[in-house]
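>>> here is a sequence with its predicted model. Questions after.
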Amino acid sequence: MSTEGATKSRTTAATDDVAHLLVRCLRAEGVEYVFGIPGEENIRFVDALSGSGIRYILVRHEQAASFMAEIYGRLTGRAGVCSATLGPGAINLLLGTADATTNSAPMVALAAQGSLRRIHKESHQVIDLVSMFAPVTQWAARVECPDAVPEMTRKAFKIAQSERPGAVFLAVPEDIEAERPAEHVAPLQIDTVHADVPSLTQIARAVEVLTTARRPVVLAGHGAARARASDALVRFAERLNIPVATTFHGKGVFPDDHPNALGAVGFMRHDYSNFGFDTADVVICVGYEIQEFDPIKINPNGDKRIVHVHRFPSEVDTHYPVAVGIEGDLSQALDALASALPEGFTYDSESSVKIRTLLDDELAYGRDNDAFPLVPQRVVSDVRSALDRHDIVLADTGAGKMWMSRLYPTYEPDTCLVSNGLSTMGFALPGAVAAKLARPDRRVLAMMGDGSFLMNSQELETAVREHIPLIVLVLVDEEYGLITWKMELELGRHSHTRFTNPDLVAYAESFGAHGYQVESADQLLPALRRALDDEGVSVIACPVDYTENLRLTDRLGSLSGPF
């Protein structure tokens with residue numbers, strides 16, 4: 001840069017108000033998108049984004065903005081950013097912020113706040129936002145000094161993108177947003193933390209556990225997906241001939257078409273995959289976080305030895321007794337552990353073949369079932385047939401999520417996304433918007449029940465306006481089907497779960513999207529393929545018969561193992 005240019009740059013930076021300084025800091029962090037709705041108290045920030053190189057995605061509800069930021073962060077590993085005004089706008093960010101923290105997704109939530117001259121007293125639209133966000137974030141703070149913006153922004157992203165990632169919240173008072181720093185300040189340099197090499201002592205201790213194990217099994221979680229440990233997991237499984245299961249969040253980190261794959265655990269009843277753990281004496285948990293899946297379901301007596309492989313220590317739980325903890329880079333840890341075991345040392349993983357056969361039989365049952373409304377197994381089979389291995393499906397919370405999580409064959413990490421930390425409804429449609437922005441080379445499908453769809457269906461307008469192609473598959477049963485399922489299991493009856501819907505095809509078309517109505521079982525797959533080939537936004541309304549839910553739990557309840 002020339003001397004004149006450098007002087008001009010310093011002068012411009014020195015005269016920046018906080019709004020422009022904050023945008024410069026976001027650019028330095030590599031932010032590409034801000035999802036949000038402007039308000040009177042953050043108009044300078046929204047204005048500063050214009051021409052900054054950061055694309056502002058105007059949404060129709062702040063909750064949707066928080067889900068978009070969460071999914072963007074989850075897919076890229078870089079904190080997604082959402083923005084809202086003070087009071088009610090900020091409160092609407094709360095759900096997605098909590099979802100991001102419980103799902104270990106990096107995210108920075110920004111909100112306006114009343115001026116420092118009035119936040120100490122009862123005042124219009126002012127509540128204590130920092131105290132509200134503190135329990136659901138890794139850090140929550142209010143900017144009270146213009147000069148602190150670079151430090152606070154860098155700290156927010158550093159914490160959000162740490163291991164364990166999560167959400168951070170910053171409130172910017174309206175008077176601070178308009179002020180200028182007293183001195184020249186600039187975005188801080190980004191420091192990258194590299195994963196540690198695992199301890200050789202801990203590797204040796206783990207070898208002692210594994211050499212005395214008879215039937216070990218691997219459980220790979222969300223941390224393995226974040227660490228991109230798929231190749232190392234495959235090497236480890238093949239070296240030891242050991243079966244590998246994943247959590248719902250870890251789906252795809254170990255390919256379901258691998259002969260050692262057990263499928264996913266996390267269903268509310270004892271599923272096929274759980275039988276792989278029944279006779280296990282050692283469980284090697286790779287990137288597993290207890291919030292993903294209660295360990296009591298695979299270690300009910302607390303008698304299995306646990307080898308915990310992750311970047312950070314595990315949570316304390318009676319049913320998760322860690323015999324050895326290996327902290328550090330997951331791929332290096334798995335490779336080091338495999339190399340330290342005696343040459344030719346392997347196990348018998350015959351059970352994985354039998355379990356995969358049972359899951360494949362369920363898919364085959366769905367593929368050949370022409371009943372209408374469609375059985376959920378048919379829906380899962382058709383979605384799998386329509387999507388490529390690397391395409392992305394977001395399965396919203398509900399009965400459909402259970403069917404997809406346990407049955408949908410997944411081959412790459414982060415290609416079947418669920419919320420299994422907070423398990424919130426309504427994330428999939430706004431999440432699909434972010435998924436397509438984060439992965440423009442992938443086709444994106446949001447699979448939602450009719451209950452969750454209408455929670456954030458207004459974001460169809462956002463997708464259409466912003467020219468973000470995606471498909472929403474709405475499973476129509478006119479009830480909160482998962483709650484009906486649970487009530488029938490626990491109480492033998494259900495109530496207060498039924499509702500009605502608008503004409504979903506007309507509703508989609510009113511937003512400028514394409515609408516498809518499935519009227520027979522053989523129409524779903526062609527509709528999916530037409531919608532996926534289209535460059536617009538499509539909604540497919542598909543009636544589904546959830547009487548299969550109780551048939552499934554009855555069938556699983558009658559099974560006995562081990563295999």
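Thanks, I have it.

>>> mind listing the helices for the stretch 351-500 of the chain?
Under the criterion DSSP state H, counting those that start in this stretch, the stretch 351-500 of the chain contains helices at 376-386, 399-407, 428-438, 450-453, 459-465, 481-491.

>>> give me the helices and strands touching the fifth one, please.
So that's helix 459-465. Helices and strands touching helix 459-465, by 3 or more Cβ pairs under 8 Å, 6 or more residues apart in numbering; DSSP states H and E, are strand 55-58, helix 428-438, strand 537-543. For the C-beta atoms, the positions are set from N, CA and C on the backbone; glycine is no exception.

>>> sheet partners, orientation included, of the first one?
Here the strand partners of strand 55-58, with direction, are listed using DSSP bridges: strand 33-36 (parallel).

>>> okay, buried residues for the strand it pairs with please.
Tyr33, Val34, Phe35, Gly36 (16 or more other Cβ atoms under 10 Å).

>>> can you redo those as TSV with pLDDT and distance to Gly451?
Shown next, in TSV, are these (pLDDT from 0 to 100; distance: Cβ to Cβ, whole Å):
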residue	pLDDT	distance to Gly451
Tyr33	98	28
Val34	98	29
Phe35	98	23
Gly36	98	26
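
>>> including distance to Ser385, could those residues go into CSV?
Below are the buried residues of strand 33-36 laid out as CSV (distance: Cβ to Cβ, whole Å):
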residue, distance to Ser385
Tyr33, 32
Val34, 37
Phe35, 32
Gly36, 37
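
>>> which of the residues you listed sits closest to Ser66?
Phe35 (7.8 Å; Cβ to Cβ).

>>> for the stretch 51-200 of the chain, what spans make up the strands?
For the stretch 51-200 of the chain, the strands defined by DSSP state E, counting those that start in this stretch occupy 55-58, 80-84, 107-113, 139-142, 167-173.

>>> now tabulate those strands in TSV and tack on mean neighbour count and mean pLDDT.
What follows is these, written out as TSV (neighbours: other Cβ atoms under 10 Å; pLDDT from 0 to 100):
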stretch	mean neighbour count	mean pLDDT
strand 55-58	17	98
strand 80-84	30	98
strand 107-113	30	97
strand 139-142	19	98
strand 167-173	27	98
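
>>> got those strands as a markdown table, with distance to Pro413 columns?
Below are the strands of the stretch 51-200 of the chain laid out as a markdown table (distance: least, Cβ to Cβ, whole Å):
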| stretch | distance to Pro413 |
| --- | --- |
| strand 55-58 | 25 |
| strand 80-84 | 18 |
| strand 107-113 | 19 |
| strand 139-142 | 27 |
| strand 167-173 | 21 |
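
>>> for Ser50, give me its contacts.
Tyr56 (Cβ atoms under 8 Å, 6 or more residues apart in numbering).

>>> per-residue pLDDT, it?
Per-residue confidence (pLDDT) for Ser50: 95.

>>> closest to Thr153 out of the helices and strands packed on helix 459-465?
strand 55-58 (17.3 Å).

>>> hang on, the earlier thing: need the winner for burial among the helices and strands packed on helix 459-465.
Highest mean neighbour count among the helices and strands packed on helix 459-465 (mean count of other Cβ atoms under 10 Å): helix 428-438, with a mean of 28.

>>> tell me the helices and strands packed up against it.
So helix 428-438, by 3+ Cβ pairs under 8 Å, 6+ apart, packs with strand 33-36, helix 62-76, strand 392-395, strand 444-449, helix 459-465, strand 470-476.

>>> any chance of those in JSON lines with distance to Val149 as columns?
Output for these, formatted as JSON lines (distance: least, Cβ to Cβ, whole Å):
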{"stretch": "strand 33-36", "distance to Val149": "16"}
{"stretch": "helix 62-76", "distance to Val149": "20"}
{"stretch": "strand 392-395", "distance to Val149": "34"}
{"stretch": "strand 444-449", "distance to Val149": "34"}
{"stretch": "helix 459-465", "distance to Val149": "29"}
{"stretch": "strand 470-476", "distance to Val149": "35"}
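
>>> between those, which one is closest to Asp348.
Across the helices and strands packed on helix 428-438, closest to Asp348 is strand 392-395 (Cβ to Cβ), at 33.2 Å.

>>> those helices in the stretch 151-300 of the chain, which residues are they?
With DSSP H, counting those that start in this stretch as the criterion, the stretch 151-300 of the chain has helices at 174-178, 200-211, 222-226, 230-240, 272-278.

>>> in CSV: these, plus mean pLDDT.
As requested, those are exported to CSV (pLDDT from 0 to 100):
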stretch, mean pLDDT
helix 174-178, 94
helix 200-211, 96
helix 222-226, 96
helix 230-240, 97
helix 272-278, 80
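
>>> so which of those helices is the most surrounded?
helix 222-226 (a mean of 27).

>>> Leu387 reaches Leu525, doesn't it?
No. Look at Leu387 against Leu525 with Cβ atoms under 8 Å: they stay out of range, at 11.0 Å.

>>> okay, those two: which has more neighbours?
Between Leu387 and Leu525, counting by other Cβ atoms under 10 Å, Leu387 is the more crowded of the two (22 against 18).
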